[in-house]
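S.K.: I would like the atomic coordinates for the input below:
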Amino acid sequence: METGLDKHAQLHTEGRLRRSVPLRVQRRRLFYILVSPWVFGFLAFVLGPMVYSGYISFTRWNLLNPPQFIGLGNYSQMMQDPLFWQSLKVTTIYAVVSVPLTSAFALFLAILLNQRVRGVSIFRTIFYLPSVVSGVAVSMVFLWVFNPQFGIINSMLHDFGIKGPGWVESPHWALPTIIIMSLWGVGSPMLIFLAGLQGIPPDLMEAASLDGAGVWRKFVSVTIPLLTPTILFNVILSIINQFQVFTQAYVMTQGGPLDSTLFLVYYIFENAFQYLNMGYGAALAWVLFFIVFILTVIVFATSGKWVFYQGGD
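M.R.: Okay, the predicted model is just below:
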């Protein structure tokens, strides 16, 4: 015979089971509510503009009249545009030099800041701070530093009896000046390298020392192989960032003498917003996208030959 207590327990269990289904529904609804701002932002401000810019790249549009569809006309014009090839050349040279240069410099700083010395956290903060400063402010500072007449660099060279170059005013030195300036923002990759260095098991370093390995041998045979995933990550980010350089060229050189710093993004900006040739600017932007995409795919495809993952086969 079923007692009142057993019946109450059964009703409580059935009620809890009935409430479990709405609870899952509520959690699902809460999930969609929480992710909806990101989804809306992605669709409205990333995917939507990308799709529309893809359409615009096949049109002639000056922002004042309706877009006129011209098919591959913008891309055909691009192949015959000497300024496009100049901007692609400048951007490629900048990326080829600055990507390994900034990566090597960031790794060097990370190794220095990975030492166990007093006050190292203060030095880490000091070396990281420049990377969070506004690009416009940094460009204005370096515009004064590299000023040919009264800049601090040429003043120091003059003290040693050396005549300084024209820097941003020289067609031969304008691009190297921008490359040198890129070392200012190595704080972020330095921090990532530092995290990678601190993730290397100390047991491996001790084992290498017991085998008689010196500092250089441990760096080449232990540190670099175990740091290759971090190197891959930083190289990918650096390629993406260096191909999109714009602020320095816009603030410091405006394309530079003889178009020596006519970066591709700056040329996109000129066509789209100065000449109101939005269709051609969109086509240039899509070419830049595919260049970066192809380079990223190539780096990932070749990473299996030089990237070592701990615990991998």
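S.K.: what residues go with each domain of the chain?
M.R.: With domains defined by automatic domain parsing, the chain comprises 4-56, 76-305.
S.K.: and the longest one, average pLDDT?
M.R.: Confidence over domain 76-305 (mean pLDDT, whole number) is 92.
S.K.: ditto for the first one
M.R.: Domain 4-56 shows a mean pLDDT of 78.
S.K.: Of the domains of the chain, flag the one that's most buried.
M.R.: Burial of the domains of the chain is given as mean neighbour count (mean count of other C-beta atoms under 10 Å); domain 76-305 ranks first at a mean of 16. Every residue, glycine included, has its C-beta placed from N, CA and C.
S.K.: And that domain, end to end?
M.R.: In domain 76-305, first residue to last residue: 38 Å (C-alpha to C-alpha, to the nearest Å).
S.K.: Repeat that for stretch 205-216.
M.R.: Taking C-alpha to C-alpha, the first and last residues of stretch 205-216 lie 12 Å apart.
S.K.: For stretch 84-99, output the C-alpha coordinates as PDB.
M.R.: Only the C-alpha atoms of stretch 84-99 are listed here, as PDB (Å, rounded to 0.1, in the frame of the first residue of the first chain):
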ATOM      1  CA  PHE A  84      49.400  49.200 -58.200                       C
ATOM      2  CA  TRP A  85      52.600  47.300 -59.100                       C
ATOM      3  CA  GLN A  86      54.600  49.900 -57.200                       C
ATOM      4  CA  SER A  87      52.400  49.600 -54.100                       C
ATOM      5  CA  LEU A  88      52.600  45.800 -54.300                       C
ATOM      6  CA  LYS A  89      56.400  46.000 -54.600                       C
ATOM      7  CA  VAL A  90      56.700  48.400 -51.600                       C
ATOM      8  CA  THR A  91      54.400  46.400 -49.500                       C
ATOM      9  CA  THR A  92      56.200  43.100 -50.300                       C
ATOM     10  CA  ILE A  93      59.600  44.500 -49.600                       C
ATOM     11  CA  TYR A  94      58.400  45.900 -46.300                       C
ATOM     12  CA  ALA A  95      56.800  42.600 -45.300                       C
ATOM     13  CA  VAL A  96      59.800  40.500 -46.400                       C
ATOM     14  CA  VAL A  97      62.200  42.600 -44.300                       C
ATOM     15  CA  SER A  98      60.000  43.500 -41.300                       C
ATOM     16  CA  VAL A  99      58.400  40.100 -40.600                       C
END
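S.K.: Give me the distance between that stretch and the centre of its chain.
M.R.: With C-alpha atoms, centre = their mean, to the nearest Å as the basis, stretch 84-99 stands 16 Å off its chain's centre.
S.K.: Repeat that for stretch 83-94.
M.R.: Remark: stretch 83-94 is offset 19 Å from the chain centroid, using C-alpha atoms, centre = their mean.
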